[in-house]
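Enquirer: Build me a model from this:
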Amino acid sequence: MKKFKLLTAAVMSVALAAPLALTSMTASAERYVLVSHAPDSDSWWNTVKNGVALAGKQMGVEVEYRNPPTGDLADMARIIEQATASKPDGIITTLADFDVLSGPIRSAVDQGINVIIMNSGTPAQAREVGALMFVGQPEFDAGFAAGLRAKGDGVKSFVCVNHAISNAVVGERCRGFAEGLGVKLGDSMLDSGQDPSEIKNRVLAYLSSHPKVDAILTLGPTSADPTILALQENGYAGDIYFGTFDLGENIVKAIKSGIINWGIDQQPFLQAYLPVVLLTNYDRYGVLPGNNINSGPGFVTKDGLALVEKYAGEYR
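Expert: Numbering: from 1, shown residues only. Model (predicted):
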């Protein structure tokens with residue numbers, strides 16, 4: 001039972017696979033569960049795991065990371081229900097699909113569990129499901145800023161390589177980019193799937209059939225890494241304008257070598273770290289920020305790679 005309640009709480013945790021217990025504390029310590037939509041194959045989420053683990057250690061609380069192994073959102077909904085049934089002190093969860101996940105999240109809130117939405121979803125959706133707040137990057141705004149930047153660099157057309165087509169919020173990056181560029185999205189959003197070989201082949205096929213396209217936008221390492229390989233294969237590497245969301249080891253190397261012009265850092269470490277700190281202080285002292293927290297966007301270019309390169313894939 002919570003002493004303090006501003007809005008309510010909502011979603012969380014894994015099913016199918018055993019939860020990853022990142023911190024082991026005494027039985028009296030607060031316990032928080034972070035549930036993401038990411039499949040096991042997506043290494044970008046390692047930074048999220050590091051963030052929640054460090055916060056758990058520093059705050060002296062128990063934390064768990066749970067996710068659907070294949071990224072199936074129906075499985076994620078069941079994981080949230082299982083997390084709720086385990087009666088944690090709080091749930092931190094992504095809201096990758098409002099229609100699929102809002103019900104289980106509201107149920108958690110109705111049962112007195114504090115919830116913070118992180119990474120995926122919007123502040124409005126977080127409020128609608130009764131979560132305390134949203135911690136993440138406004139995706140359309142981030143895409144719009146990227147589009148304005150590309151427009152200033154002379155870009156007039158693009159392809160957006162979308163590896164998470166089922167996550168409508170992620171697609172807002174492509175729509176925002178098109179609006180910032182001042183063009184219609186049309187057929188410029190490529191459903192690439194998540195298999196690296198398939199992504200590479202689809203990018204090669206798209207560029208072959210659209211030889212006049214000015215730029216490529218990828219939405220994370222899952223799509224960026226195979227796209228880098230595609231450009232190295234067809235000879236476009238360094239010659240076509242290339243921007244990406246999120247960071248990773250290969251992305252940082254590509255920025256450094258001039259293949260990628262810039263990466264947008266939404267700071268996933270903070271998206272996991274801050275909710276644990278906020279929930280702990282809310283449970284202990286009843287204090288909570290009055291606004292949602294924007295963790296991004298921030299542009300990373302070749303000129304500012306020092307710390308990013310050092311901690312890419314770990315804390316950045």
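
Enquirer: where are the low-confidence patches of this structure?
Expert: By pLDDT under 70, the weakly predicted segments of the chain are 1-28.

Enquirer: And the helices in the stretch 201-316 of the chain?
Expert: 221-234, 249-257, 268-285, 306-311 (DSSP state H, counting those that start in this stretch).

Enquirer: Out of those, flag the one nearest Val48.
Expert: If you check each of those against Val48 by Cβ to Cβ, helix 268-285 wins as the nearest, at 4.4 Å. For the C-beta atoms, the positions are set from N, CA and C on the backbone; glycine is no exception.

Enquirer: Of all the helices of the stretch 201-316 of the chain, which one comes closest to Asn294?
Expert: For the helices of the stretch 201-316 of the chain, distance to Asn294 was read as Cβ to Cβ. The smallest value, 9.9 Å, belongs to helix 268-285.

Enquirer: Can you name every helix or strand that that closest one contacts?
Expert: In this structure, helix 268-285 packs against strand 31-35, helix 46-59, strand 90-93, strand 114-118, strand 133-136, with contacts taken as 3 or more Cβ pairs under 8 Å, 6 or more residues apart in numbering; DSSP states H and E.

Enquirer: Just say which of the ones you listed is most tucked in.
Expert: Between the helices and strands packed on helix 268-285, strand 90-93 has the highest mean count of neighbours, a mean of 32, where neighbours are mean count of other Cβ atoms under 10 Å.

Enquirer: Output stretch 55-70 as PDB, restricted to C-alpha atoms.
Expert: Listed next in PDB are the C-alpha coordinates belonging to stretch 55-70 (Å, rounded to 0.1, in the frame of the first residue of the first chain):
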ATOM      1  CA  ALA A  55      20.200   2.900  -9.700                       C
ATOM      2  CA  GLY A  56      19.200  -0.200  -7.700                       C
ATOM      3  CA  LYS A  57      22.700  -0.400  -6.200                       C
ATOM      4  CA  GLN A  58      22.900   3.300  -5.300                       C
ATOM      5  CA  MET A  59      19.400   3.500  -3.800                       C
ATOM      6  CA  GLY A  60      19.700   0.200  -2.000                       C
ATOM      7  CA  VAL A  61      16.600  -1.300  -3.600                       C
ATOM      8  CA  GLU A  62      15.800  -4.500  -5.500                       C
ATOM      9  CA  VAL A  63      15.300  -4.200  -9.200                       C
ATOM     10  CA  GLU A  64      14.400  -6.600 -12.000                       C
ATOM     11  CA  TYR A  65      14.400  -6.300 -15.700                       C
ATOM     12  CA  ARG A  66      11.900  -8.300 -17.700                       C
ATOM     13  CA  ASN A  67      11.000  -8.500 -21.400                       C
ATOM     14  CA  PRO A  68       9.400 -10.700 -24.000                       C
ATOM     15  CA  PRO A  69      12.200 -12.800 -25.500                       C
ATOM     16  CA  THR A  70      10.900 -12.300 -29.100                       C
END
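
Enquirer: rewinding a little: need the helices of the stretch 201-316 of the chain in TSV with distance to Ile91 and mean neighbour count, can you?
Expert: Output for those, formatted as TSV (distance: least, Cβ to Cβ, whole Å; neighbours: other Cβ atoms under 10 Å):
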stretch	distance to Ile91	mean neighbour count
helix 221-234	25	23
helix 249-257	30	19
helix 268-285	9	22
helix 306-311	27	13
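
Enquirer: closest to Ala142 out of those helices?
Expert: Closest approach to Ala142 among the helices of the stretch 201-316 of the chain (Cβ to Cβ): helix 268-285, 13.3 Å.

Enquirer: and the angle for that closest one with helix 46-59?
Expert: Compare the direction of helix 268-285 with that of helix 46-59 by axes from the mean of the first three to the mean of the last three Cα atoms, to 10 degrees and you get 30 degrees.

Enquirer: rewinding a little: got TSV for the helices of the stretch 201-316 of the chain, with distance to Asn294 too?
Expert: Putting the helices of the stretch 201-316 of the chain into TSV (distance: least, Cβ to Cβ, whole Å) gives the following:
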stretch	distance to Asn294
helix 221-234	22
helix 249-257	21
helix 268-285	10
helix 306-311	19
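
Enquirer: Which one, of these, ends up nearest to Val52?
Expert: With Cβ to Cβ, the closest approach to Val52 among these belongs to helix 268-285: 4.2 Å.

Enquirer: ok, residues contacting the closest one?
Expert: The contact list for helix 268-285, computed with Cβ atoms under 8 Å, 6 or more residues apart in numbering, reads 2-4, 30, 32, 34, 44-45, 47-52, 54-56, 58-59, 61, 63, 89-90, 92, 114, 116, 118-119, 132-133, 135-136, 246, 287-289, 293, 295, 315-316.
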